[in-house]
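Student: Provided below are the primary sequence and the corresponding predicted coordinates.
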Amino acid sequence: MAPVHIAGAPRRGKTPQWTPESVITEIQHFVQAHGEVPRLADLNPGQAKITGQVWRIDRYRAGCPVCGSAYPSANAARRCFDGSLELAIRAAGFEPAKRGPRRRTEVDLSERATARLEHDARVAVDAALARAADAETRAQRLQTQLDRARARAAAAPKVKTKVVRERVTDAAALARVQRAREAGEARAGALKSELAEARMDAAEARRTAVKLASRLERAEATVTEARAQKRGVGAELIDAQAAVERAEARAAEAEQRLAAAQGTPIRVERVVAASPEQTVVDEALVRAVAAEDAALRAETRAARAERDYAEVAVAATGSSRKLTSSELEALRSDGPAGPALLADALKALAVARRTDNRFKLEEALAAVASAAVTWRDRL
């Protein structure tokens, strides 16, 4: 079964016979319509559903908005290019998209890219809220099962001790009742444990949703502020450039007057003083340099905000993010390394998770990462 039917899309009728030329044409149509090269999730709705990017499924179902043709599936494109989607994209004249989050130098401040990042971030928040709601539903279901088990245990027939002594035939019934009661108590204890875990998962999911929503709001505010500052700096830069042009025009006019006056014998007295045009030019240059510095700072802040958006999208989709060289260097350790050290770190992580202490949990996660990186370096 094709991935599109696994994702729940209706059948489009007879499947077209894809050739390398038709695959290249549809990839070019995709880039023309959406402004980016297709990723695996764009041509594989099953992958898009697993990673939580359901909006890519709708775009795949709609097909090309330019000519109305259907996009090829990822498997169809791979079959035409030796099993590689990247070869198909390069054959169409484009560079495949890099895996993982974008680097700061690759941040796109266009409206299309910003809208796409906002959609991924909101998908992250919705996914976290959905996990919290699912955990709460599971907790309520376990609570209902626990109440029923308690009711069955309370409604079990009780055999008096005196009757058991006088009637030997009731010993088997008493044993069955006791076993049923013990089984009910064991089941109740298991349900209590599952209920506690479900409540803990629900609380953790709610905290995650609140954190993601807060980070989303801060990132949106930072992007808005950076854009406003960039627009103001652009206006100042335009004013400074206009002042420079006016100063240059005045200087040219003064040179023309000087050239016209050279033909007439006049008395020239040399006065050592800065011309007004030069003063205006110097002030305009200073303002231009200050405006460029402000624009650079605004772009840096915008890039930082876009990186926060990307991190929120990564948290939602579950895609991998490469650590920087400084982060890897901080995780490396000169001490012992190996599977035993990693196992101890995982045990400490489990203990910290049960305590529900944020600081201990962060320390345990750092220890697990350090043990894994050190072990990998020494393999």
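Tutor: Done, it's in.
Student: next helix or strand past the helix or strand that contains residue 49?
Tutor: Remark: residue 49 resides in helix 45-50, with elements defined by DSSP states H and E. Next helix or strand after helix 45-50 toward the C-terminus (DSSP H and E): helix 55-62.
Student: Quick check: which helices or strands does the following helix or strand past that following helix pack against?
Tutor: Counting by DSSP H and E, the next helix or strand C-terminal to helix 55-62 is helix 74-80. Helix 74-80 sits against helix 20-34, helix 40-43, helix 85-91, with contacts defined as 3 or more Cβ pairs under 8 Å, 6 or more residues apart in numbering; DSSP states H and E. Using the backbone N, CA and C atoms, a C-beta is placed for each residue, glycine as well.
Student: Can you tell me which of those helices is most buried?
Tutor: Most buried of the helices and strands packed on helix 74-80, by mean neighbour count (mean count of other Cβ atoms under 10 Å): helix 40-43, with a mean of 22.
Student: Can you list the helices and strands that the helix or strand harbouring residue 247 packs against?
Tutor: Assigned by DSSP H and E, residue 247 belongs to helix 171-261. Here helix 171-261 touches helix 111-155, helix 276-317, going by 3+ Cβ pairs under 8 Å, 6+ apart.
Student: what's the angle between the first one and helix 20-34?
Tutor: So that's helix 111-155. For helix 111-155 against helix 20-34, the angle by axes from the mean of the first three to the mean of the last three Cα atoms, to 10 degrees is 90 degrees.
Student: quick check, distance from helix 111-155 to the centre of its chain.
Tutor: Relative to its parent chain, helix 111-155 has a centroid offset of 20 Å by Cα atoms, centre = their mean, to the nearest Å.
Student: orientation of it relative to helix 55-62 in degrees?
Tutor: Going by the same axes, to 10 degrees, helix 111-155 makes 110 degrees with helix 55-62.
Student: For helix 111-155, name the packing helices and strands.
Tutor: Judged by 3+ Cβ pairs under 8 Å, 6+ apart, helix 111-155 is in contact with helix 171-261, helix 276-317.
Student: so which of those comes closest to residue 29?
Tutor: Ranking the helices and strands packed on helix 111-155 by their distance to residue 29 (criterion: Cβ to Cβ) puts helix 276-317 first, at 25.1 Å.
Student: average model confidence for the closest one?
Tutor: Averaged across helix 276-317, pLDDT comes to 73.
Student: Offset the numbering so it begins at 71, please.
Tutor: In the new count, where the first residue is 71, that last one comes out as helix 346-387.
Student: just to revisit the earlier point, now tabulate the helices and strands packed on helix 241-331 in TSV and tack on mean neighbour count and distance to residue 136.
Tutor: Putting those into TSV (neighbours: other Cβ atoms under 10 Å; distance: least, Cβ to Cβ, whole Å) gives the following:
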stretch	mean neighbour count	distance to residue 136
helix 181-225	16	16
helix 346-387	17	27
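Student: Residue 107: which of the ones you listed is closest?
Tutor: Nearest of the helices and strands packed on helix 241-331 (Cβ to Cβ): helix 181-225, 13.4 Å.
Student: quick check: angle from the closest one to helix 241-331?
Tutor: Using the same axes, to 10 degrees: helix 181-225 against helix 241-331 is 170 degrees.
Student: tell me the average confidence for helix 181-225?
Tutor: 78.
Student: ok, back up a step: out of the helices and strands packed on helix 241-331, nearest to residue 154?
Tutor: Among the helices and strands packed on helix 241-331, helix 346-387 comes nearest to residue 154, with 22.7 Å by Cβ to Cβ.
Student: With residue 129 as the reference, measure out to residue 97.
Tutor: 14 Å (Cβ to Cβ, to the nearest Å).
Student: For stretch 118-132, buried residues please.
Tutor: Burial within stretch 118-132, assessed by neighbour count using 16 or more other Cβ atoms under 10 Å, is assigned to 118-119, 121-123, 126-127, 129-131.
Student: of those residues, closest to residue 323?
Tutor: Checking the buried residues of stretch 118-132 one by one against residue 323 (Cβ to Cβ), the nearest turns out to be residue 129, at 59.3 Å.
Student: residues contacting the closest one?
Tutor: Neighbour list for residue 129: 104, 112 [criterion: Cβ atoms under 8 Å, 6 or more residues apart in numbering].
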